[in-house]
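Undergrad: how would this look folded up:
(one chain, ligands or ions: 1)
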Amino acid sequence: MPSPGYFITVEGIDGSGKSTQARLLAERLSQEGELVTSVRDPGTTVLGERVRALLLEKSGSPPPDPFAEVALFLAARVQLLREVIDPALAKGALVVCDRYVDSTLVYQGAGRGLDQGGLLELHRLVGASRMPDLTLILDLDVKAARLRSDPALPLDRMEAEPTAYHERVRQGYLALAPRFPERVVVLPADLPPKELAESCWRVTRERLTARRAT
Ligand code: TYD
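TA: Residues are numbered from 1 along each chain as shown. Take a look at the predicted model:
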């Protein structure tokens with residue numbers, strides 16, 4: 001049975017402004033009177049926030065094997081789905097999620113060379129096959145994204161990956177649009193935050209209106 005809620009994910013390379021835009025979109029939807037649940041992946045649940053810290057810390061010890069990395073992201077995601085996303089959607093909420101399955105497809109798939117079909121199959125096997133209704137991909141040049149980061153803040157383990165890795169991630173995102181045209185919209189992110197927020201809002205309103213008319 002289709003869920004009565006609506007599931008929106010916001011994606012993009014590090015520095016694309018995605019967390020700000022996810023927050024602004026959730027605020028705008030709330031102002032419009034919608035019931036909104038905001039989450040981040042990995043995170044939000046206690047387990048997810050712990051896994052997030054494990055995944056992003058630069059411990060000095062050997063980095064996780066790519067499959068161990070996938071397993072950890074997946075563990076956080078399954079918990080987030082069961083504990084927060086599924087119940088919120090069942091109540092008819094609009095869920096705005098900062099990153100989700102597409103991050104795994106591009107950071108571990110396109111970025112680390114893992115098979116994307118296999119990654120989706122893994123999600124299915126662990127009961128995490130729910131896909132978003134709408135995915136906004138904020139597209140930005142890797143160098144421009146890097147320039148946005150505050151030089152006073154240390155880079156986390158993923159941010160510290162070389163430019164070529166982040167370039168593969170960006171191209172991986174762009175390749176998702178023709179693959180999932182029913183849900184993925186790519187938005188140019190080299191705009192002032194307010195203008196980008198307006199684009200995110202316009203696309204979301206259009207899609208939501210169309211969904212509710214069916
Ligand atoms: P991010 O959500 O961008 O948080 P912050 O804004 O605090 O840096 O950081 C999460 C990092 O984890 C980001 O570099 C992308 C990466 N990631 C993956 O590699 N795979 C995944 O499945 C997810 C959800 C995130």
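Undergrad: and the helix or strand harbouring E167, how far from the chain's centre?
TA: E167 belongs to helix 163-179 when assigned by DSSP states H and E. Mean-position distance between helix 163-179 and its chain equals 13 Å (Cα atoms, centre = their mean, to the nearest Å).
Undergrad: send the alpha carbons of the helix or strand following it over as PDB?
TA: Per DSSP H and E, the first helix or strand lying C-terminal to helix 163-179 is strand 184-188. The C-alpha trace of strand 184-188 is given here as PDB (Å, rounded to 0.1, in the frame of the first residue of the first chain):
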ATOM      1  CA  VAL A 184      15.500  13.000  -9.100                       C
ATOM      2  CA  VAL A 185      15.800  16.700  -9.900                       C
ATOM      3  CA  VAL A 186      19.200  18.300 -10.300                       C
ATOM      4  CA  LEU A 187      19.400  21.900  -9.300                       C
ATOM      5  CA  PRO A 188      22.400  24.200  -9.900                       C
END
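Undergrad: list the buried residues of strand 184-188.
TA: V184, V185, V186, L187 (16 or more other Cβ atoms under 10 Å). Every residue, glycine included, has its C-beta placed from N, CA and C.
Undergrad: packing partners of the helix holding E167?
TA: Under the contact definition 3 or more Cβ pairs under 8 Å, 6 or more residues apart in numbering; DSSP states H and E, helix 163-179 sits against strand 134-139, helix 142-148, strand 184-188.
Undergrad: farthest pair in the buried residues of strand 184-188?
TA: The largest separation in the buried residues of strand 184-188, counting by Cβ to Cβ, is between V184 and L187 at 10.5 Å.
Undergrad: shared neighbours of the two, anything?
TA: Residues within reach of V184 and of L187 at once, by Cβ atoms under 8 Å, 6 or more residues apart in numbering, are I137.
Undergrad: what parts of the protein come near the ligand?
TA: Along the chain, the residues adjacent to the ligand under the rule Cβ under 6 Å from any ligand atom are 14, 19, 41-42, 73, 98-99, 103-104, 107-108, 156, 158-159.
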